[in-house]
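>>> fold the following for me, if possible:
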Amino acid sequence: TVHFDHPGKSPFMDMQLQPMYAGQNNSNPNVISVDPAMVQDIGVVTAQIARRNLTRTINTYGVVMPNEKTITDINTRVGGWIDKLYFDYTGMSVRKGGPMAVIYSPELIGAEQEFLQSVGFAGVSGNSVTSSSSLIQSARQRLKFFGMSDKQIDALQSTGKVMDRVTIHSAGDGVILEKDVFEGQKITAGQSLFKVADLHHVWILADVFKIDMPFLRIGSPASVVYNNAESYKGSVDFVYPQVDPASRSVKVRIPLNNPGMELKVGQYVDVAIHSPVSYDAIAVPTQAVINTGLRTVVAVALGGGKF
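Alright, predicted model coming up:
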């Protein structure tokens, strides 16, 4: 601090010297005095230091994806030909247990005939048809392996009439994401026919970049907005372990309920992740922090125009 014994301008800067009167406390070089009228004119605002939980908001984008836990693969356990399809294109809704396709399968016909022969042999030999004959049980298990239900097998046993067609049913509610067959197509055992997902529950896969990676936390609350419309609330439940080689970002997963299916698979959405940084921290307003380049400082109001 430089003192002068006369008023005027500073020889170092083009500024008027401020008067210092007797009785003023100038013993502390870190304390400055500002006229209260000037404080009011320049709009200095003070705020109390407080302890609070601090969060960092990570603003990014994400993509709506099916919840992988709800995806079911509709396939066949026998080879044959597609005789009929109940669904002609992707995007159609299906119900659990509803018919998806009818298959003509010589392999299944042979297994049914083998079962009926086992039942007939048990009757000829004098054993009860309902007894636990190993031959009958083996043939029955083979039919169940091919996808026939106990009800269908019991009907086959009681009527003795071979069913030359088998109906493939949906394993769950949802929407057809993939359709890989057509009527008349030859198929093999295990071939995927449809992929179905329940889109009432979706995942948001959001990209988080290097600068924000240290702040990622499992369980951090998140908000998702599409086209400035309704906001969806969720939380981060998984951070993927790999970095995207192109964008150099990591993906985080946010499960959301989608009751009206307004969020469409493949949509881009705005994501805000509110990640906790510190608990019970001493906090000051951002505007109060002065960054000198080497350190950050704040001015403490001592009252009476002194800082």
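
>>> so who does Asn75 touch?
Residues in contact with Asn75 (Cβ atoms under 8 Å, 6 or more residues apart in numbering) are 190-193. C-betas here are computed from N, CA, C, even on glycine.

>>> and those, which two are the farthest apart?
Pairwise distances across the contacts of Asn75 peak at 10.5 Å for Gly190 and Leu193 (criterion: Cβ to Cβ).

>>> which residue ranges of the stretch 51-200 of the chain form strands?
72-75, 80-85, 93-94, 99-104, 165-169, 174-179, 186-187, 192-197 (DSSP state E, counting those that start in this stretch).

>>> could you tell me which ranges of the stretch 201-307 of the chain sit under the pLDDT cut-off?
Residue ranges of the stretch 201-307 of the chain with pLDDT under 70: none are present.

>>> sorry, slip of the keys, the one I care about is the stretch 1-150 of the chain.
For the stretch 1-150 of the chain (pLDDT under 70), the answer is 1-2, 20-28, 122-132.

>>> show me where it has its helices.
Along the stretch 1-150 of the chain, counting by DSSP state H, counting those that start in this stretch, helices occupy 36-41, 106-124, 134-145, 150-159.

>>> list the buried residues for the shortest one?
Right, the one you point to is helix 36-41. For helix 36-41, the neighbour count (16 or more other Cβ atoms under 10 Å) marks no residue as buried.

>>> buried subset of the contacts of Asn75, written for PyMOL?
Restricted to buried positions by 16+ other Cβ under 10 Å, the PyMOL selection for the contacts of Asn75 reads:
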select buried, resi 193
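
>>> re the thing from before, dump the helices of the stretch 1-150 of the chain to JSON lines, plus distance to Phe307.
Formatted as JSON lines, these follow (distance: least, Cβ to Cβ, whole Å):
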{"stretch": "helix 36-41", "distance to Phe307": "9"}
{"stretch": "helix 106-124", "distance to Phe307": "89"}
{"stretch": "helix 134-145", "distance to Phe307": "84"}
{"stretch": "helix 150-159", "distance to Phe307": "85"}
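
>>> for Ala272, which of those is the nearest?
helix 36-41 (36.8 Å).

>>> quick one: distance of the closest one to the chain centre.
Distance, stretch centre to chain centre, for helix 36-41: 53 Å (Cα atoms, centre = their mean, to the nearest Å).

>>> make 38 the first number, not 1, from now on.
Okay, using 38 as the starting number, the last item reads as helix 73-78.

>>> keeping just the C-alphas, turn that helix into PDB.
What follows is helix 73-78 as a C-alpha-only set of coordinates in PDB (Å, rounded to 0.1, in the frame of the first residue of the first chain):
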ATOM      1  CA  PRO A  73     -21.100   3.300   1.500                       C
ATOM      2  CA  ALA A  74     -22.600   5.600  -1.200                       C
ATOM      3  CA  MET A  75     -20.300   4.100  -3.800                       C
ATOM      4  CA  VAL A  76     -21.100   0.600  -2.600                       C
ATOM      5  CA  GLN A  77     -24.800   1.400  -3.300                       C
ATOM      6  CA  ASP A  78     -24.100   3.000  -6.600                       C
END
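
>>> how about stretch 289-300: buried residues?
So for stretch 289-300, counting by 16+ other Cβ under 10 Å, buried means 289-293, 295, 300.

>>> for stretch 263-275, same thing?
263, 269, 271, 273.

>>> show me what contacts the first one?
I take that to be Tyr263. Contacts of Tyr263 (Cβ under 8 Å, 6+ apart): 299-300, 304, 306-307.

>>> go again using 10 Å as the cut-off
99, 101, 241, 269, 299-301, 304-307 (Cβ atoms under 10 Å, 6 or more residues apart in numbering).

>>> same deal with the last one?
Val273 makes contact with 95, 241, 243, 245, 253-259, 289-292, 308, 310-312 under the criterion Cβ under 10 Å, 6+ apart.

>>> what subset of these is buried?
95, 241, 243, 245, 253-254, 257-259, 289-292, 308, 310, 312.
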